[in-house]
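J.: coordinates for the following, if possible.
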Amino acid sequence: MIDKPDGERKLHRTPIALGGGVAVFASLLIGFLATVLVDRNFNSYSLGYFNSSWYMLIIAAAAVLLVGLVDDRWPLRGRQKLLIQCLIVASVVGSGTVIRQINLMGFEIALGNLAFPVTMLWLLIAINALNLIDGADGMATTVGCIVCAGLGFLSSRSGVNLTAVLCFALSGSLLGFLVFNRPPATIYLGDAGSMMIGFFVGVLAIWSNTKESTVLASAPVAILALPLFDSTAAILRRWLTGRSIYVTDRAHLHHLLQAKYGSLGMLAVVAGLCLITTTLACLSTYYSLPWVSVIGVIFTLGILILTRSFGHAESKLVFTRAIHFCHSFSTSPTICESEKQHRKQALQGSGSWETVWEPIVNLAQSHSLASIKIDLNIAWLHEGYHASWHSVRLPEKAHQLTMCIPLFTCRTKDQSNLVIGRLELVGSAKSPQIYENIAGFIEQLIELTPQIDR
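T.: Numbering: from 1, shown residues only. Prediction:
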């Protein structure tokens with residue numbers, strides 16, 4: 001089981017083993033069970049007793065690991081993995097791990113009938129957040145190690161218990177695995193390891209509240225701020241640019257930090273930011289000051305956005321979309337079709353894509369199109385660009401002629417044509433000239449091929 005480079009998204013030079021998740025799970029069980037046996041024989045069950053939730057936790061974690069191993073060997077579709085994850089998570093929730101209420105900033109929100117779906121959603125988010133962040137050497141290992149240590153401290157603030165032991169055992173397993181997973185990595189966690197860690201983290205975040213294990217408090221959420229921010233930004237980026245949420249790109253937190261600071265610098269930045277959120281979250285719990293954890297999250301995410309290290313492009317996409325949405329309410333109905341909204345955003349890299357986009361906008365205007373949208377995702381060059389130009393009010397769906405044109409470029413290494421993005425266009429089918437306009441637009445679009453290649 002190896003991860004082979006493909007020259008587009010997976011840019012490591014040689015095949016890398018993918019069995020790290022098995023090693024972490026095995027060492028976790030050894031450390032945890034050894035501690036439990038010592039407690040049973042020499043310390044009179046001071047750590048507490050097992051119940052059905054504990055057995056289900058271990059079985060479900062093994063199931064998540066197995067699904068990941070299958071995916072690492074025979075890649076599954078995104079919806080297939082999600083369905084299996086839902087079944088596993090549902091079994092855990094059915095065994096008693098349920099978030100009955102949410103405690104944020106001292107305010108308690110009882111979930112009632114929403115308890116079951118909210119718990120499932122939380123666990124699915126945790127599983128996939130750690131999976132999404134695992135795209136660079138040592139990334140998920142470092143984040144998971146610090147997060148689990150923080151959850152361990154939260155669990156043991158009123159005395160060491162089984163939950164704290166499991167947290168520290170997982171943190172120790174990841175710390176040991178980091179020896180082999182740090183840049184340049186000789187083995188990866190694989191989907192099996194990252195999903196398994198995310199599953200444990202999601203459950204332990206609920207169990208770490210020793211006051212009541214059915215409450216999700218603000219401190220555990222704050223500890224998970226970095227992976228949650230990365231996954232949220234990825235979903236927003238894909239949704240706002242019209243991509244599938246399952247599509248892969250190289251615009252995650254680790255990709256941008258690695259391009260800016262290098263592999264070791266990326267790990268140092270990530271470890272530092274995780275330590276900030278984790279430390280302040282623990283302090284907020286020990287001193288009953290919930291706002292401290294919120295300050296830690298705002299400070300950490302603010303650093304990333306303001307330094308344009310990560311999240312700036314996604315924030316600008318959201319802000320621009322909101323501004324145009326509000327502006328549409330004040331636009332007169334008589335000029336809705338002639339009034340145009342224009343937005344463009346470099347998602348990654350420094351390519352001068354305006355030299356391609358501006359001529360396309362001019363072509364769209366001269367051929368009376370209602371909307372055009374370009375989305376470029378060139379993973380192997382770390383380049384991404386999104387722009388749109390459209391009328392405030394588009395023609396009715398029944399009167400739209402729409403086309404999606406793939407954009408190709410030739411890579412000189414092997415002279416193969418590669419899809420680098422797509423161009424979507426919309427015209428009004430009420431106009432008898434629409435077909436001629438579309439044909440003329442495409443003919444002139446071909447003339448831009450040299451600019452795209454350059």
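
J.: helix, strand, or coil at residue 309?
T.: Following DSSP: H, G, I helix; E, B strand; the rest coil, residue 309 is assigned to coil.

J.: max-length helix in the protein?
T.: helix 253-286 (DSSP state H).

J.: quick one: contacts for residue 232?
T.: Residues near residue 232 by Cβ atoms under 8 Å, 6 or more residues apart in numbering: none. For glycine as for every other residue, the C-beta is placed from the backbone atoms N, C-alpha and C.

J.: dihedrals phi and psi, it?
T.: When read as degrees, to the nearest 10, the backbone of residue 232 gives phi -60, psi -40.

J.: identify the residues contacting residue 278.
T.: 146-147, 149-150, 223.

J.: 7 Å instead?
T.: Residue 278 makes contacts with 146-147, 150, 223, as judged by Cβ atoms under 7 Å, 6 or more residues apart in numbering.

J.: related to what we said a few turns ago, continuing past the longest helix of the chain, what's the next helix or strand?
T.: helix 290-306 (DSSP states H and E).

J.: now that next one, how far from the centre of its chain.
T.: Distance, stretch centre to chain centre, for helix 290-306: 18 Å (Cα atoms, centre = their mean, to the nearest Å).

J.: that helix versus helix 253-286: what angle between them?
T.: Helix 290-306 and helix 253-286 meet at an angle of 160 degrees, taking axes from the mean of the first three to the mean of the last three Cα atoms, to 10 degrees as the criterion.

J.: and the contacts of helix 290-306?
T.: In contact with helix 290-306 (Cβ under 7 Å, 6+ apart) are residues 105-106, 218-219, 222, 225, 229, 273, 276-277, 280-281, 283-284, 310-312, 315.

J.: secondary structure element for residue 331?
T.: Going by DSSP H and E, residue 331 is not part of any helix or strand.

J.: and it, what are its phi and psi?
T.: phi -90, psi 130.

J.: do the same with residue 100
T.: Torsion angles at residue 100 (phi, psi; degrees, to the nearest 10) stand at phi -80, psi -30.

J.: compute the number of surrounding residues for it.
T.: Residue 100 has 17 neighbours, counted by other Cβ atoms under 10 Å.

J.: next helix or strand past the host helix or strand of residue 146?
T.: Assigned by DSSP H and E, residue 146 falls within helix 139-155. Once the chain leaves helix 139-155, the next helix or strand it forms, by DSSP H and E, is helix 162-181.

J.: buried stuff in that next one?
T.: Taking 16 or more other Cβ atoms under 10 Å as the neighbour-count basis, helix 162-181 is seen to contain the buried residues 162-178, 181.

J.: check stretch 232-251 too.
T.: 233-234, 236-238, 240-241, 243, 248-251.

J.: let me have the residues you listed in CSV, extended by distance to residue 74, secondary structure and pLDDT.
T.: CSV is the format used below for the buried residues of stretch 232-251 (distance: Cβ to Cβ, whole Å; DSSP: H, G, I helix; E, B strand; the rest coil; pLDDT from 0 to 100):
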residue, distance to residue 74, secondary structure, pLDDT
233, 30, helix, 92
234, 24, helix, 90
236, 31, helix, 91
237, 28, helix, 90
238, 25, helix, 89
240, 32, helix, 88
241, 30, coil, 87
243, 25, coil, 82
248, 17, coil, 75
249, 23, coil, 78
250, 24, coil, 79
251, 27, coil, 84
